[in-house]
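**Q** Could you look at this predicted model? Sequence included:
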Amino acid sequence: MGVVTPADRELDALAAEAAPFARLAMVEDVLNLARANSLWPLTFGLACCAIEMMAAGASRYDLDRFGAGVFRPSPRQADLMILAGTISRKMAPVIRTLWDQMPAPKWAISMGGCTISGGPFKYPGEYAISEGAEKFMPIDVHVPGCPPRPEALIAGLLKLEEKIKRGRRFGRAG
Amino acid sequence: MDALGASVSAPTEHPFSGAAEARWVAPGRLVEASRVLREAGYFFESMTCVDRIAAHGVFELIYTFNRWEAASRVAFRVWAPATEPVPSISGVFGAANWNEREAWEFYGLAFSGHPNLTWLLLPEGTEFHPLLKSFTAPPASSYDDSLTAPPPPDDAHPPAHH
Ligand code: SF4
């Protein structure tokens, strides 16, 4: 998951050392503000919820207003994974790989009942659908609905932005 | 259609089944019959499989073919003994390749001469056949959704200023 590079450790050590003399907190805050307002989602849809995600990205709901409209074609360029749709068990390992390929800091929104718990596909004897993304990767914000309207996704994004501005994130376990 | 002499006409009503003509075809004559259609300008539309094991010990395969003329859909109905492989028609109609893979993974019905009989929709290595009427639930051990180590706790590494 989170790759902690030697440079990360050095920076942290330096920050700890300098703490009595310099206020690096402001630098962190400014960085987080920048991160929160320039989320780059991975271009990536799984089922019906993805249609609503596309609607949210298109002109009427316009995710660009929140800086989150630059859908990236490669996980290496993305820092937000919007899980939109049904996760089949065949697809789950692929999603996990994509998540692992995204550089930290990174965040994930699970959109719709399917990615939260298996949604309408959760029943005894179910054989093909994963019961929620959280079984195999961390999720920051859950957006319930089947599917959630674009407004709901935008609300989820704003929640995530709040979280990021407070300096909370996955991917730097150390 | 006379060239399909090897097959027996099955009753069908176009408004209900969508097929202008339906034929009973023995599994052994399936490839030959498909080739006749191919040469007559038909294309492969679809194939469905029905589990009739409890009543008859067979799978019923329904192949549909069509061409760009009004009301010309042809259906082949094949009763395939559950234990014997059915000859693959993917050599005649390439499009049948995936339908046969699907029937194989969901019903366990084998196709002989298929170039790549492997899982299409279910994860590789799945050992049960979920669309069989005898299927109730996958073995408990077969799925563990947690693919690797659990995710690290949120804020495992809070920023220095907190
Ligand atoms: S939550 Fe509902 S709308 Fe969304 S992918 Fe699942 S079934 Fe489709």
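**A** Yep, it's here. Numbering: from 1, shown residues only, chains lettered A, B, ... in the order given.
**Q** C-alpha from now on. contacts and neighbour counts both.
**A** Fine.
**Q** residue contacts, the closest residue to B:Thr118 other than its chain neighbours?
**A** Taking Cα to Cα, 6 or more residues apart in numbering or on different chains as the measure, B:Thr118 lies nearest to B:Arg101, with 6.2 Å between them; neighbours along the chain are not counted. If a contact means Cα atoms under 8 Å, 6 or more residues apart in numbering or on different chains, then B:Arg101 has B:116-120 as its contacts.
**Q** roughly how far apart are B:Arg101 and A:Thr115?
**A** Distance of B:Arg101 to A:Thr115, given as Cα to Cα, to the nearest Å: 28 Å.
**Q** How about A:Gly57?
**A** 19 Å.
**Q** The host helix or strand of A:Ala155: which residues count as buried?
**A** Using DSSP states H and E, A:Ala155 sits within helix A:150-165. Residues of helix A:150-165 classed as buried: A:150, A:152-154, A:156-158, A:160-161, A:163-165 (neighbour count, 16 or more other Cα atoms under 10 Å in any protein chain shown).
**Q** Say whether chain B is contacted by that helix.
**A** No - Helix A:150-165 stays clear of chain B (Cα under 8 Å from any Cα of the partner chain), getting no nearer than 11.0 Å.
**Q** Where does pLDDT dip in chain A?
**A** Segments of chain A classed as low confidence (criterion: pLDDT under 70) are A:1-4, A:19-24, A:168-174.
**Q** That one against the ligand: which residues are in contact?
**A** With Cα under 6 Å from any ligand atom as the criterion, chain A meets the ligand at residues A:47-49, A:85-86, A:112-114, A:119, A:146-147.
**Q** hmm, 5 Å instead?
**A** Those residues of chain A that sit near the ligand, judged by Cα under 5 Å from any ligand atom, are A:47-49, A:85-86, A:112-114, A:146-147.
**Q** just to revisit the earlier point, what subset of the contacts of B:Arg101 is buried?
**A** The buried subset of the contacts of B:Arg101 - by 16+ other Cα under 10 Å - is B:117-120.
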